[in-house]
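[1] sharing a model prediction with you, sequence too.
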Amino acid sequence: MTDLTDLSPPHVPSDPTELGDPLPGGSTDPLGARAPDDPVALADGGQDLRDLRDLRDRMDLRRLVDTYAHALDRRMAELFASLFDEGGELVLVRPAGSGRAPLVLDGRDGWARALAVLEPCRVTTHFVGNHLVRLAGDGATGETYCLAHEIYPADGPDRMRVRSIRYRDTYRRAHGSWLFARRELTIDWTEDRVLRSPSGP
């Protein structure tokens, strides 16, 4: 069973020799399904290998956005901070027409403030949906959809607030790991209602 307390950012070795013993045909890259001297691999210019590496990057980026949601819901400050590269930013976009400038959070104090927003909630669940990515070498951009469910106390029964969130992401690969360089958060809509069947803490 996977230990959810150890969800460090994905590591993608930049040196193929880190990936284990050579496979048949002399390849050390498990993504290289064909040996380097395979005539089919030579004929297609290694396109299959490039496609598989592209897939691996997309899977690692998906794990990054899922781990972000996990860190928020479990209030894991150190894990949350580790998902951003040096100089990374979390930008909270204000509602249209509010006249308020976006709130930019960065550094240790910024990550603490981001998690503090959730302190009034008894429990939260950030459910990650669509994840679109455009890769460009060691950089990438993307858009991520998320439904954030927040259970919070009220004068009467507990209430549930649901936020539809869009993240506009800029990613950077550093030392073999994909991290957030910038994550821009926009709330498209919010629903607030009485929690009819309370459970949990």
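    Sure, I can see it. Numbers count the residues shown, from 1 in each chain.

[2] in the lengthiest helix in the chain, what's buried?
    Scanning the chain for the longest helix, with DSSP state H as the assignment, gives helix 47-74. Within helix 47-74, the residues that count as buried by 16 or more other C-beta atoms under 10 Å are 48-49, 53, 57-58, 60-62, 64-65, 67-73. To be clear about C-beta, it is placed using only N, CA and C from the backbone, and glycine gets the same treatment.

[3] next, the angle from the one helix or strand residue 115 maps to to helix 47-74.
    Here residue 115 sits within helix 107-116, counting by DSSP states H and E. Going by axes from the mean of the first three to the mean of the last three C-alpha atoms, to 10 degrees, helix 107-116 is angled at 70 degrees with respect to helix 47-74.

[4] re the thing from before, elements contacting the longest helix of the chain?
    helix 77-82, strand 123-136, strand 139-152, strand 159-174, strand 177-194 (3 or more C-beta pairs under 8 Å, 6 or more residues apart in numbering; DSSP states H and E).

[5] try 7 Å
    Helices and strands touching helix 47-74, by 3 or more C-beta pairs under 7 Å, 6 or more residues apart in numbering; DSSP states H and E, are helix 77-82, strand 123-136, strand 139-152, strand 177-194.

[6] deepest in the core, which of these is it.
    Comparing those by mean neighbour count (mean count of other C-beta atoms under 10 Å), strand 139-152 comes out on top with a mean of 18.

[7] show me what that strand is packed against.
    Using 3+ C-beta pairs under 7 Å, 6+ apart: strand 139-152 touches helix 47-74, strand 123-136, strand 159-174.

[8] mind putting the ones you listed into a markdown table with distance to residue 84?
    Shown next, in a markdown table, are those (distance: least, C-beta to C-beta, whole Å):
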| stretch | distance to residue 84 |
| --- | --- |
| helix 47-74 | 9 |
| strand 123-136 | 17 |
| strand 159-174 | 10 |
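
[9] for residue 88, which of the ones you listed is the nearest?
    strand 159-174 (8.3 Å; C-beta to C-beta).
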